[in-house]
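Enquirer: A predicted structure for the sequence below; I have some questions about it.
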Amino acid sequence: DTTDLIRVDLGERSYDIEIGSGNSASLAGFIEARRPTEHVVVVTDSNVAGLHADALSDRLTDQGLEVLLLEIDAGEPSKCADMAFELWSRMLEEGVDRKSVVLAIGGGVVGDLAGFVAATFMRGLPFFQAPTTLLAQVDSSVGGKVGINLPGGKNMVGAFWQPAGVLVDVDLLATLPEREYRAGMAEVVKYGVILDAEFFAYLEANVEGINARLPEVLRHVVKRCCRLKADVVEADETETSGRRAVLNYGHTFGHALEAATGYTRLLHGEAVAIGMTCAARLSEAIGAAPCGFTQRQSALLETIGLPTTTPVDLDPEELLELMWRDKKVEGGQLRLVLARTFGDVGLFADTPSEAILTAIGPST
Ligand code: NAD
Ligand code: ZN
């Protein structure tokens with residue numbers, strides 16, 4: 001079977017994202033071709049271990065690599081300083097040195113934590129990712145942002161640490177719970193809206209294949225999203241020029257929705273789907289996007305099974321307050337990523353509060 005390679009061009013930190021179906025069988029070769037080594041520290045979580053990581057680690061062992069398998073409890077709370085300390089300590093005890101590489105097999109939690117540990121242990125070990133959630137395959141495994149949460153805020157400690165390679169096997173998504181799968185699709189739809197009208201139309205035309213998780217559709221989807229994110233990252237590797245801001249479409253609203261619901265009721269992607277709907281409504285209301293823009297975006301989100309309305313028990317005024325507190329508010333201005341049309345978004349400041357409140361409010 002063939003695979004596709006996406007090259008992320010970052011000078012001496014350049015790397016490949018290999019995308020295929022069934023290609024995780026050749027993970028050992030993928031790693032050794034890029035960073036010749038005998039020792040691999042595999043980090044995974046308690047769900048992914050039994051489903052994929054144990055078998056993949058055995059395979060690495062069969063292919064001559066010495067594997068240290070470190071398993072964390074599944075879930076966002078594991079992305080914390082205590083767990084990083086735990087992993088550093090285990091690695092030191094087990095004699096991991098700078099000739100070893102770190103491999104994350106899991107979703108964004110495993111990737112962010114393992115990447116942070118790789119970036120910091122002995123001042124940095126080569127880092128590989130084999131992402132197993134849709135969100136991780138299209139978003140978190142690309143771009144080099146690694147880190148952990150503090151009790152006072154998400155992703156507050158971290159680094160830019162580009163991987164040495166990312167191997168995406170879309171077959172690993174077969175076991176992903178339906179809700180997690182759909183939540184990942186919110187980010188996929190986002191790429192179409194912000195950067196690629198043709199891709200948005202592809203998604204509309206392939207909803208059945210998406211919902212059936214057809215490998216050929218998934219491969220195209222992941223490939224396109226990785227390329228689009230890689231383009232943005234190449235233009236703004238360390239989030240300094242502002243180019244990465246477009247990726248925040250729907251996220252200022254979404255973060256407020258997550259905060260208002262205590263980070264438990266809504267998955268990130270679900271909050272982003274509602275947030276993108278708010279952003280679309282606001283784009284239309286201020287005359288940036290044409291009439292019908294929101295309707296078309298919502299229709300796609302809804303056929304994928306994503307929510308598009310703000311829960312009725314949430315207070316728009318409180319959500320607006322939370323939006324002001326989001327870290328993207330800089331220089332005393334609420335700058336929102338809004339759309340002009342599919343594939344064309346920009347940053348808008350000075351949007352009237354009344355318009356934002358109306359855009360948040362449950363749609364009629
Ligand atoms: P996650 O890693 O918690 O995975 C979601 C759930 O799916 C977990 O219960 C996990 O055990 C399970 N799972 C993973 N793969 C599976 C599979 N193949 N089959 C069955 N179950 C599987 O969450 P996520 O949504 O992948 O990632 C969220 C995290 O990613 C957040 O911490 C977020 O901050 C981070 N993130 C980082 C970036 C970045 O640029 N670094 C970007 C976006 C999000
Ligand atoms: Zn997101």
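Expert: Arrived safely. Ligands and ions are numbered 1, 2, ... in the order given.
Enquirer: Near the nearest residue to residue 104 once chain neighbours are set aside, how many other residues are there?
Expert: Excluding its sequence neighbours, the residue lying closest to residue 104 (Cβ to Cβ, 6 or more residues apart in numbering) is residue 114, at 3.8 Å. All C-beta spots, glycine's among them, are computed from the backbone N, C-alpha and C. Neighbour count of residue 114, defined by other Cβ atoms under 10 Å: 27.
Enquirer: Now do the phi/psi pair for residue 114.
Expert: With angles defined as degrees, to the nearest 10, residue 114 sits at phi -60, psi -40.
Enquirer: From ligand 1, how far out is it?
Expert: Distance, residue 114 to ligand 1, by Cβ to the nearest ligand atom, to the nearest Å: 11 Å.
Enquirer: Let me see the contact set for that residue.
Expert: If a contact means Cβ atoms under 8 Å, 6 or more residues apart in numbering, then residue 114 has 43, 87, 102, 103, 104, 106, 127, 129, 146 as its contacts.
Enquirer: cool, and residue 351?
Expert: Contact partners of residue 351, counting by Cβ under 8 Å, 6+ apart, are 282, 286, 334, 336, 338.
Enquirer: Report the contact partners of the third one.
Expert: By that I understand residue 334. Residue 334 neighbours (Cβ under 8 Å, 6+ apart): 252, 323, 324, 349, 351, 356.
Enquirer: how close does whichever residue of the stretch 201-350 of the chain sits closest to ligand 1 sit to residue 140?
Expert: Using Cβ to the nearest ligand atom, residue 268 is the residue of the stretch 201-350 of the chain that sits closest to ligand 1, at 6.2 Å. Distance, residue 268 to residue 140, by Cβ to Cβ, to the nearest Å: 10 Å.
Enquirer: what's the answer for residue 97, then?
Expert: Residue 97 sits 27 Å away from residue 140 when distances are taken as Cβ to Cβ.
Enquirer: before we move on, what about residue 130?
Expert: 13 Å.
Enquirer: When the two are compared, which one has more neighbours?
Expert: The residue with more neighbours, out of residue 130 and residue 140, is residue 130; 31 against 24, by other Cβ under 10 Å.
Enquirer: Before we go further, the more buried one is sitting in a helix, right?
Expert: No - Residue 130: not assigned to a helix; according to DSSP: H, G, I helix; E, B strand; the rest coil it is strand.
Enquirer: Any chance you could note which residues of the stretch 251-364 of the chain sit beside ligand 1?
Expert: Remark: no part of the stretch 251-364 of the chain is in contact with ligand 1, using Cβ under 6 Å from any ligand atom.
Enquirer: ranges for the strands of the stretch 1-150 of the chain?
Expert: Remark: strands assigned in the stretch 1-150 of the chain by DSSP state E, counting those that start in this stretch are 4-8, 15-20, 39-45, 66-72, 101-106, 127-131, 145-150.
Enquirer: same deal with the stretch 151-300 of the chain?
Expert: Going by DSSP E, counting those that start in this stretch, the stretch 151-300 of the chain shows strands at 153-160, 165-169.
Enquirer: circling back: distance to residue 234 and pLDDT for the contacts of residue 351 - can I get that in a markdown table?
Expert: Conversion of the contacts of residue 351 to a markdown table gives the following (distance: Cβ to Cβ, whole Å; pLDDT from 0 to 100):
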| residue | distance to residue 234 | pLDDT |
| --- | --- | --- |
| 282 | 29 | 98 |
| 286 | 31 | 97 |
| 334 | 28 | 93 |
| 336 | 25 | 97 |
| 338 | 24 | 98 |
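Enquirer: Using PyMOL, define a selection of the buried residues within those.
Expert: To isolate the buried members of the contacts of residue 351 in PyMOL, using 16 or more other Cβ atoms under 10 Å:
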select buried, resi 282+286+334+336+338
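Enquirer: any idea which of the contacts of residue 351 is closest to residue 313?
Expert: Lowest distance from residue 313 to the contacts of residue 351 (Cβ to Cβ) belongs to residue 282, with 21.5 Å.
Enquirer: Return the residues in contact with the closest residue to that closest one other than its chain neighbours.
Expert: Spatial nearest neighbour of residue 282, excluding adjacent residues (Cβ to Cβ, 6+ apart): residue 359 at 3.8 Å. Shown in contact with residue 359 (Cβ under 8 Å, 6+ apart): 278, 279, 281, 282, 285.
Enquirer: The residue nearest to the second one when sequence neighbours are not counted: neighbouring residues, count only.
Expert: Pointing back at residue 279 there. Spatial nearest neighbour of residue 279, chain neighbours left out: residue 250 (5.1 Å); criterion: Cβ to Cβ, 6+ apart. For residue 250, the neighbour count with other Cβ under 10 Å is 30.
Enquirer: Kindly report the same for residue 153.
Expert: Neighbour tally, residue 153, other Cβ under 10 Å: 9.
Enquirer: How confident was the prediction at residue 332?
Expert: Here the pLDDT value assigned to residue 332 is 80.
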